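Q: got a sequence here, can you model it:
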Amino acid sequence: MKLAMGAALSMAILIGARASHGQEAPPASAATDTKPAKPAKPAKIVTADLKADLVVLRRVLSELHPGLYRYNTKAQMEAHFAALDAAFDHDLTVREAFLELARFTARIKCGHTQPNPYNQSKAVAEAVLMSSEKLPFDFRWLDGRMIVTRDFTGNPAMTPGTEVVSIDGTPASTILITLMTIARADGSNDAKRVRLLEVIG
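A: Numbering: from 1, shown residues only. The predicted structure is shown next:
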């Protein structure tokens with residue numbers, strides 16, 4: 001079975017996922033006297049601090065990383081540093097900065113070099129990982145196709161073996177291609193990159 005997930009379906013699945021984990025789902029129609037509070041905007045790291053950290057990152061990698069030029073020439077690494085510097089030209093949230101760092105370290109092509117969220121402070125780990133924007137199912141990538149292996153919603157359309165062809169209009173194949181730009185692995189080991197981008201409980 002193939003399934004295209006849209007915003008409405010995603011919301012329904014997220015509500016179902018909360019209920020399936022022992023949390024009561026909100027009633028479909030509940031009277032309220034107050035307007036829902038707007039979510040607080042995440043704090044941003046100012047560009048001056050980002051660029052100061054980049055100076056430290058460049059020095060540490062240049063002096064200590066044993067494989068910095070194993071899969072990149074010096075000119076290529078300079079281009080990668082320049083791209084990260086350009087990304088830091090404006091203030092970023094912790095999640096945005098983390099994503100840019102992940103994109104940069106993936107270009108080094110070293111399977112041991114990454115901004116690991118589990119090695120960060122609690123605040124950074126929460127900013128990166130503790131979000132409601134998660135898929136309510138486990139999946140594997142098989143020949144570039146997103147295949148459900150376990151569902152947490154109870155939705156009969158999400159049985160194991162179901163192929164998710166798109167999420168909010170974005171083809172699953174496009175999602176995979178995008179995620180590959182931030183996945184870590186040595187050299188051209190794309191099989192490992194794909195494996196790291198699966199969610200298996």
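
Q: from now on I want contacts and neighbour counts done on CA atoms only, so please keep to that.
A: OK.

Q: quick one, helices of the protein?
A: Here the chain has its helices, by DSSP state H, at 7-20, 47-64, 74-87, 94-108, 122-129, 172-180, 190-196.

Q: what residues of the fourth one count as buried?
A: By neighbour count, and taking 16 or more other Cα atoms under 10 Å as the criterion, the buried residues in helix 94-108 are 94-98, 100-108.

Q: distance check, the residue lying closest to residue 87 once chain neighbours are set aside against residue 171.
A: With sequence-adjacent residues excluded and distances taken as Cα to Cα, 6 or more residues apart in numbering, residue 87 is closest to residue 100, at 7.1 Å. Counting by Cα to Cα, to the nearest Å, the gap between residue 100 and residue 171 amounts to 23 Å.

Q: excluding chain neighbours, what is closest to residue 67?
A: Using Cα to Cα, 6+ apart and skipping residues adjacent in sequence, the residue nearest residue 67 is residue 110, 7.3 Å away.

Q: what's the answer for residue 2, then?
A: In space, and not counting its chain neighbours, residue 2 is closest to residue 163: 4.6 Å by Cα to Cα, 6+ apart.

Q: so the one you found touches residue 142, yeah?
A: No: counting by Cα atoms under 8 Å, residue 163 does not reach residue 142; the two are 9.7 Å apart.

Q: between these two, which one's more packed in?
A: Per other Cα atoms under 10 Å, whichever of residue 163 and residue 142 has more neighbours is residue 163, with 22 against 12.
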